[in-house]
Structure formats: structure tokens, C-alpha cells
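Q: here is a sequence together with a model predicted from it:
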Amino acid sequence: MSPSSTTTSSSPSSPPQSSSPFPVPSAYTQPGDSNSSGSGAGTGSGFPSFPPTPSRTTSKLSITSVDAHLSPPQPPSHPSSAGDVRKRSHSNPTVRAISPHHLSLPSTPTKSRRPLNANANGNGLLHVNGNVNSDTFPKTLTLRKKSSASTASSIHSVSLFDGVHTHSQSHTPSGIDTPTSGLSRGSAFQEDDPIERRSHAVGNTSGSRSRSGENSRTPQSGSSKGKERATDVDADDNNQSVEGGISGLTDVDDIKTGLKELGRADMAGHSVEGDIEGSMSRLDLKDTKDDPQTSETVSAGISDTTRYAPRRYYVLTNAGKPVFSSHDDTSEDNITNLMAIASTLISIFQEEDDKIRCIIKGKSRIGFVLKPPLYLFAVSDWGEPEHVLRSHLEYIHLHILSVVSSTQLSRVFQRRSNFDLSRLLEGTETFLNNLIDHSQFDFSYLTATLQPLRMNPATRDVAGAALMPPSKFKDLLYVLLIANGRIVTLLRPRKHAVHPSDLHLLLNTLASSATLRSSETWLPICFPKFNPAGFVHAYISYMTEDVGLVFVSADREAFEDLRNWKSIVLQKLEVDKTLSKISESIPLHPYTVSAVGCPGLRHFIYKSRQYIQLTQPEWEAPYTEKSVDRKRLITMYQKLHDVVHARSGQNQTYKLVYMRTEHEACLAWLTKPFELYLTVSPQLSKSAVVSTANAVAKWVLAEEGRVFLKDAPVF
Amino acid sequence: MSRTTSFKLVLLGESAVGKSSLVLRFVRNEFSDFRESTIAAFLTQTVSLGDSTNIKFEIWDTAGQERYKSLAPIYFRNSNAAVIVYDITQASFEKAKSWVRELQRQADPSIVIMLVGNKVDLESQRKTPREMGERFAQEEGLLFAEASAKSGDGVEELFMDIAKKLPLAPPPTRSSQAGPRGVKVANDQEENSTPSACTC
């Protein structure tokens, strides 16, 4: 398979953002930064760009098997799987839904693969699952695969529901598919343009459905420019009633109007409150598309208490050798078995030049990212959008590259295809585990942004001036001042930008290793976004326990020079007590949401698209560390992020999405200068949410100088 | 006033044999049972040889992992001394031998090499007899010691032995030698596009 073309996912750094002056200026043109669907040309290991952008050129096949014993939703699964088959059958006549304990693989239009799955997979797979790790590999599988030979006009549907065992394949004859995502179980839809709405819905395949609720339409005046109309809301936390408010807006000016509309809609009272409490909730599903009468009922039977198990991440080589597993509680035998299953599954799809992307079973999702010679997969029951898992796996892959570089990676595998990479990665488990821990709740990973230290901008400027390097350092790439794991300031050559993902890797490496912070270090590190094929060297020296200097150079002999320069920098930083001012800023970095002064506001995440930076208050109760509430909320944010950016294959993005559960209400608001995700009390009226959103935006604007690194010097 | 001469010293050896522990015992007199892997740490320690002479060791504590092997020449190329460490309780002696060969091939011919068998506090689990190390060191003309970073036995002494062997005249550095090995860190494009001077 070719390394390119594969990914459908998603991710944050979208083109408009990368034109920001800092830290990813428009001039950013690094080798690793080939865009979206491009393979990392010349990297040798097929390093694709990251984060991936949604691919428009994929077609997906899905396999459905319904496990009777497992899944509560009998009634719904019937119609839906039938619909699924029907839908799919035009391109793939042999696929059918099958009964428990069998996994069927789809045949592609060209070949019939039924014989294969019958023996090799179905049984073997299920057998092992049952015995080895039934938690990890569910018995009922819904496979989605994407055909590399697909045409550019088809888009894949992704179901955002879990608990729903069917899945649609969105290969329609017309080639226009719209995703199932963004469908709302929630209740209220508003839209100003029924036609537009329809066109959105039309593409929904049978697998897609939204909860019936009421489908309400409210005329919306201000913004009928035909661009973006309807917004769907999705929330699949069970036991929760979701209210979807929709408002399509075409430009920033319309946003306010839209917000007002949203507020008005609320007054009109379109909300539907939670249908059912308890661990088994019945959700009414309605196919919003062409047949509003059809409704299905699914009992999802997933409660918060059974959700949010720690995600598991695995890395193996394409020869099936285990490389990394995020949990060492699993026995080695089990891991070996798991890897064998995974590599079998992958290779079955590969035989058809295809790539497996995702397996959904019940509430669990297994996401795959294939980066030969490495395969990565993750298991999660959090209900997050697919691109979230993929982005985690992409980060793991990048981190592995940062340690070995694509050159070294491809070299060892050329020499021996069954090379045991875990030996080469010895000692990096800490880094990877730390990365995984951070990526669970840190939105700056998903959005590829930075969250600099919040501090007085004047001190930041003084520090920046002190770090201006003398011109003699020809190969100096970046100069960073870090306090408590956060960037104070960052200097770069005029012609080079820093990719936030590279910085995340560097910061994560520093955070994971006390040794690196305790003595001067000359760290060879590969910045995959800068150049996946080679190493740069980072001179790392902590001046105090928390405040450190990092000089990144392409010259591996530069240690002595940089070390000498460091003492000069240190002197400068000690003048005016800049260094101690920075240290004093560390405890002042966190702020609470009360700083904004909006009653009902619980949390927000504000991403400046211009600076590619992010600010957010501390998590407060009930979103305490390790709480289910925090996990639920971050998942909500991820879903919102997914919807506003159309990561799951919708054909359009949305500017404003409102999502409510019994626990909280969240709003995502996408404008040119920023993305805002906020959480308020579910009791808050929509008009109050609107004014809260405005208040947050206003507050951040006033605080910009402190929370963002606005003018990073270049040299 | 006494005169201080700086010498570069590099530690080499398989991972987890105790290189960092030896250095930290020597430099900071610390020991911890659980240490994460080092990548490349730079530390200094000054020792005194008699009244008038101080020797400042600039120590490169390198990574033992295989993936960093190709980077090792960066650290040992200009070194005046090398400490090659193996773990007497593990099969790490062969690796130590290969480091010796590597240094003989690539390092400055005048480099002082010290072979150290670490973890003598675990005498009961010894796999490599002392004589084996001694004999090899003798054949190759190396200094030899056994030590325990945990107990501190022999640590100071081994560095002192090296200090005594070093030429007191300021060491000539062999900076002219180009390093053919290792990973190329920059491609041409990067080099060219890095601005050479601009402080505006």
C-alpha cells in the first residue's frame, strides 16, 4: 500500500491557521510538511503529513455484524442493518450483515473475499478475542475500510454513535456522500434553509440517523448566503438528552446575528429534555434524511460508569512484532496475540490495497493508523470522534520518529524486515506513556497549538531580547525559553517556522525526563515536521529547577559554542531580575474561569487561529482530574471540534454548534480569528450562552498579551 | 594558585550498566536505584592532583541504547579519556570490547581508556570474572578497575587513576578531524536557508 492517500482524518492545523506569523508562519515549508494526502515524500518511511486533513478521496466499505447477545438494540439494528446492506449492495453485493460470532469481510467490487474471512478471520479472530481480551477486541465488529482506488467524489460516512451496530457505507452512485456524523440524537434542529438542509441530509446513508426528538426549523434571516446552513448536533453520551441548536453562518459578521437567533430559538422552547435516566437509555433515532417517519429505537445501554476506561495504544511492526503497548498490565502473551490479530486484520485489507481504519463494536472503537513499517492502533470506549484516536496515534508515531528518525527506521527494516524495533526504542516507553497521558486531556495536541506561559508581556519581551542569538551561529534553528514545561518565548530564523507538533514532542521529551532537566544535555532529536529524515541537536540547560533554555541547532558540533553562549544569556536574564520574574510567573499561570466573570460558565477553550495558541482556565469541579466528568467533557469538546471542522466527512463545516446534555451544555464557535469551545450549566438559556460566548471572546481579547505569545522575535 | 587543566572524558557502554550512576556518584556523590535512560548529559567535576594541579573533567555521559550508537563519535572524537563500562552481573562485556575496538579505530590515538566493571556490590550475581576484564585490559593496554556506583567503592579511585595518566600539558584537541560517521543532521536546504546574519 502506498503511504500516501490513506488517512481520512482530521486535524487541527488547517491551512488558514498555518499562515499565522507565529509559530507557524506562512513561510513554513519544511520537508515533513507536505500536505494532507501527500506522503512524506523522500522520507523513506512513508511519513505522512500530520496532522492529516480530511481526505476527500476515500471510499469506505463497511462490514456489519450484529451480535445478538451483545447488543441491546434489536429493534433498531434490524432496520438499520437492512438499510445498510441495501445501501451498500450497489457497489458491494456480497456484503451482508451476519449474525453473532461471525465476522464478515466485505468483498470489493473486484474480488470476492468471502472465502478468506470465513476461515482465517472470523473464527480465528473471535476465538482469540473470547479468550484473550474480550475487552479490547469486541466480538461484534464493524469494520470500515477505505478503498484506495476510490474516486475523489465520495466521502465517507462516519457514525458518531456508538451502541449502534450498523454502519453505512457511503458510496453512492452519484458519488456524493455525506457523512452520518453530525446527526443529532438531540432534538432540536433549526435551520433557515430547508433545501440546504436537505442537501446535507440527502447524503446520509442508512446508517446515519439522528435521534428523533423534534426536528424544528426556525427561519433565520440574517445569513442566507447559501454557504452553510444547518448544523447538526451530535452527542452520544448515553443517558443524556441532547439538544441541538443549529445556526449556519457565513461570516464573522453573521455570527452575532446567528447567536441571537440561537438565543431566540431557545426562547421558543425547542428543547427536549432527557428521555431516560439510568444505565439503559432508550434513544429514539430518526433518519432525518428522506423519511422522517421512520424512527428507530436503540437502547444503548452504556452508562458513564462503564465508559471511559483508559484508552489502550499499541504499536507493532508490519511484520507483526510488538513495539509498544501503553499498558503493561497485559501479559506478554496477550500482547503477542493481540498484535497477531491486528496484523492479520490489517493484512487482509492490505491484500486489496486497502487500509483498515476503524473497527466499531458496541461502545468500543478501535482506530488504526498505518505508517509502514509501523502499524498503530488504539482501543477506546470514550465515544470520541474517529479523528481523535487517529491524532493520538499520529502523535505516537511522530514521537517514535523523533527518537529514531525515518532514515534510521527504514534502514533497520530494510536490513531485516522482522527487526525488533522495541530494542531500538528501549527507554522511550516513558516518553510515549507521558505523551499519551497528556494527549488525553490537552486540547493543544488535537488542535496542534501551544499554550504558552501566561505572564506579563513586558517580561516576555525582555526575555526575548536577551535570547537574540549572535549572528555567528549559522545553523541555529530555534531558541526557546521554557518555564514549567511551557513556552515563555521562542525565537526562530526568519525563514523557518516551528511546527507546534514538533514543539509538543520536544516539550514532552523534556517533561518526561528528569535527567534532561538536571544536567546540561545535548539531545539528538528528530523534528518530524521539520525534517523526518534527520536529527537536530538540542542544547538543554535548566537555569533553575523550572526554567530552562533550549537551543536547537542543525550543527551537531555546536555544543561548546552554545554552551558558552548560554552563560551570556544567563547573565542577561539575571539583569533586571528577568529570570526571577519568570519564575514568579509560573504559579500565576493558572487562572480560574471566574476571571471572566460569567455566572454559569464552567470552562472554555479558546484557540487563537492567528497565533496558533490556546488558552483555557483550570479544570474545576466537577471536572477534576481523573473524573468521569472531565472525560465526558473533553469528549464533548472533541465532538464539537469534529463537527465544526467536518472531520468525519461532512461536506461542510459549521460555524456554530450547540450541544446539551443533562450534565452540561457546550458551544463551539468558529470564527476567522478564533475557535471557542465553552461549557456552561445546562440550565443556562441559549441567550445566556450567547452572551457568555461573547463575554469570553471579549475577555480573551483583552488578555491576549498575557495569555499568548504575540511577538516572537526572529533572527 | 593552582593550575587547572580541562580534559574531556566520555562514558561508553551498553545501556543499564551504570554509566550515569558512576558519574553521579563521582560528581554529586548521589545514587539512585531507579534511573531513567540518559541521552547525553554533560557534567563537570574538578579533582586535585597534589598542591599545584587541578584537573577539570568535562564528562559526557552518553546513551547506551543502540539507537544512539551512530551518534557516539560526536562525544568521543575530541575526548582525552574514555571510560568503558560493563556490568559484571550481565553479559555486557562483549559490548565493552566492541567499544574498545571502536575507539581504537576512531578516537584520538592518545586517548586514555579505562575499562570498568561496575556493580561489584552484587558480587554474588557476578557473571564476568575479574580476571577476564583484567586480562583483556592488559592485552589492549587499557586501565582497568572494578567499582560500585551504589556503594561508591572504587569510583573516585578510577577517575583519579585516569587523572594521573593524563598529560598535564593542555591537551591538543583534534578538532580538524571530520566525522564521517553518524547521522547527517542537516540537509543542504536547511543550511542554506538559515540566515547568516540578521539582528535587526
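A: Received it, and whenever you're ready, just let me know what you need.
Q: please count neighbours and contacts with C-alpha atoms only from this point.
A: Fine.
Q: show me what contacts whatever residue of the stretch 501-650 of chain A ends up closest to chain B?
A: Using Cα to the nearest Cα, the single residue of the stretch 501-650 of chain A nearest to chain B is residue A:521, 4.4 Å away. Contacts for residue A:521 were tallied using Cα atoms under 8 Å, 6 or more residues apart in numbering or on different chains; they are A:538-541, B:39-42.
Q: assign it to helix, strand or coil.
A: When classified by DSSP: H, G, I helix; E, B strand; the rest coil, residue A:521 comes out as strand.
Q: can you verify residue A:378 is assigned to a strand?
A: Yes. Counting by three-state DSSP, one finds residue A:378 located in a strand.
Q: roughly how far does the residue of the stretch 501-650 of chain A closest to chain B sit from residue B:75?
A: Here the criterion is Cα to Cα, to the nearest Å. By it, residue A:521 lies 12 Å from residue B:75.
Q: how about residue B:9?
A: 9 Å.
Q: which one's more surrounded, those two?
A: residue B:9 (28 against 23; other Cα atoms under 10 Å in any protein chain shown).
Q: could I get the pLDDT score of residue A:227?
A: Looking at residue A:227, its pLDDT reads 36.
Q: next one: residue A:306
A: So residue A:306 comes in at 71 (pLDDT).
Q: neighbours of residue A:335, how many?
A: There are 20 residues near residue A:335, going by other Cα under 10 Å.
Q: whoops, I mixed them up, residue A:438
A: Using other Cα under 10 Å as the criterion, the residues surrounding residue A:438 number 16.
Q: that one - that's part of a helix, no?
A: Yes. According to three-state DSSP, the state of residue A:438 is that of a helix.
Q: circling back to that earlier point, quick check: the farthest pair among the contacts of residue A:521?
A: A:541 and B:39 (13.8 Å; Cα to Cα).
Q: excluding chain neighbours, give the residue nearest to residue B:128 in space.
A: Spatial nearest neighbour of residue B:128, chain neighbours left out: residue B:88 (5.0 Å); criterion: Cα to Cα, 6 or more residues apart in numbering or on different chains.
Q: and for stretch B:125-144, what are the contacting residues?
A: Applying Cα under 8 Å, 6+ apart, the contact partners of stretch B:125-144 are B:88-91, B:93, B:112-117, B:120, B:146, B:162.
Q: which of those are buried? Put it as a ChimeraX command.
A: This is how ChimeraX selects the buried members of these, with burial counted by 16 or more other Cα atoms under 10 Å in any protein chain shown:
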select /B:88,89,93,112,113,114,115,116,117,120,146,162
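Q: list the contacts of residue A:673.
A: A:608-610.
Q: how close does it get to residue A:654?
A: According to Cα to Cα, residue A:673 stands 15 Å off from residue A:654.
Q: who are the packing partners of the host helix or strand of residue A:638?
A: Here residue A:638 sits within helix A:628-644, counting by DSSP states H and E. Where contact means 3 or more Cα pairs under 8 Å, 6 or more residues apart in numbering or on different chains; DSSP states H and E, helix A:628-644 is packed against strand A:656-660, strand A:665-670.
Q: adjacent strands (with direction) for the shortest one?
A: Yep, that's strand A:656-660 we're talking about. As defined by DSSP bridges, the strand partners of strand A:656-660 come to strand A:243-246 (antiparallel), strand A:665-670 (antiparallel).
Q: for those, which has the smallest mean pLDDT value?
A: Among the strands paired with strand A:656-660, strand A:243-246 scores lowest, at a mean of 38.
Q: wait, residue A:652 sits on residue A:643?
A: No. The criterion here is Cα atoms under 8 Å, and residue A:652 misses it with residue A:643 at 9.0 Å.
Q: returning to that earlier point: hey, what's in contact with both of residue B:9 and residue B:75?
A: residue B:60.
Q: count of neighbours near residue B:81?
A: 26.
Q: do the one 5 residues further on as well
A: Using other Cα under 10 Å, the number of residues around residue B:86 comes to 30.
Q: ok, residue A:475 next?
A: Applying other Cα under 10 Å, we find 23 residues neighbouring residue A:475.
Q: how close does the residue in the stretch 351-500 of chain A positioned nearest to chain B sit to residue A:496?
A: Going by Cα to the nearest Cα, chain B is nearest to residue A:471 of the stretch 351-500 of chain A, at 4.7 Å. Distance, residue A:471 to residue A:496, using Cα to Cα: 16 Å.
Q: repeat that for residue B:22.
A: Distance of residue B:22 to residue A:496, computed by Cα to Cα: 40 Å.
Q: so the two - more neighbours on which side?
A: Remark: of residue B:22 and residue A:496, residue B:22 carries more neighbours, 29 against 24, as counted by other Cα under 10 Å.
Q: would you map the helices across chain B?
A: B:19-28, B:72-76, B:93-106, B:130-140, B:155-165, B:188-193 (DSSP state H).
Q: identify whichever of these lies nearest to residue A:400.
A: Of all the helices of chain B, helix B:72-76 comes closest under Cα to Cα, at 20.0 Å.
Q: what mean pLDDT does that closest one have?
A: 84.
Q: looking at the helices of chain B, which one is packed in the most?
A: Across these, averaging neighbours per residue (mean count of other Cα atoms under 10 Å in any protein chain shown) puts helix B:19-28 on top, at a mean of 22.
Q: residues making contact with that helix?
A: Residues outside helix B:19-28 that contact it (Cα under 8 Å, 6+ apart): B:11-13, B:30-32, B:38, B:43-45, B:61, B:85, B:148-150, B:152, B:155-156.
Q: coming back round to it: among the contacts of residue A:673, which lie within helices?
A: Going by DSSP H, the helices hold none of the contacts of residue A:673.
Q: out of these, who's nearest residue A:416?
A: residue A:609 (44.3 Å).
Q: and that closest one, how far from residue A:448?
A: For residue A:609 relative to residue A:448 (Cα to Cα), the value is 11 Å.
Q: what's the angle between the lengthiest helix in chain A and helix A:628-644?
A: Secondary structure of chain A per DSSP H: the longest helix is helix A:386-415. Going by axes from the mean of the first three to the mean of the last three Cα atoms, to 10 degrees, helix A:386-415 is angled at 90 degrees with respect to helix A:628-644.
Q: helix A:386-415 - contacts with which helices or strands?
A: strand A:364-371, strand A:374-380, helix A:429-441, helix A:443-446, helix A:500-512.
Q: quick one: buried residues of that helix?
A: A:386-410, A:412-413.
Q: ok, stretch A:462-477 next?
A: Quick answer for stretch A:462-477 (16+ other Cα under 10 Å): A:463-469, A:473-477.
Q: measure the residue lying closest to residue A:622 once chain neighbours are set aside to residue A:500 for me?
A: Excluding the flanking residues, the one nearest residue A:622 by Cα to Cα, 6+ apart is residue A:629, at 6.3 Å. Residue A:629 is 28 Å from residue A:500, where distance means Cα to Cα.
Q: of those two, who's got more company?
A: Neighbours were counted for residue A:629 and for residue A:500 using other Cα under 10 Å; residue A:500 has more, 22 against 18.
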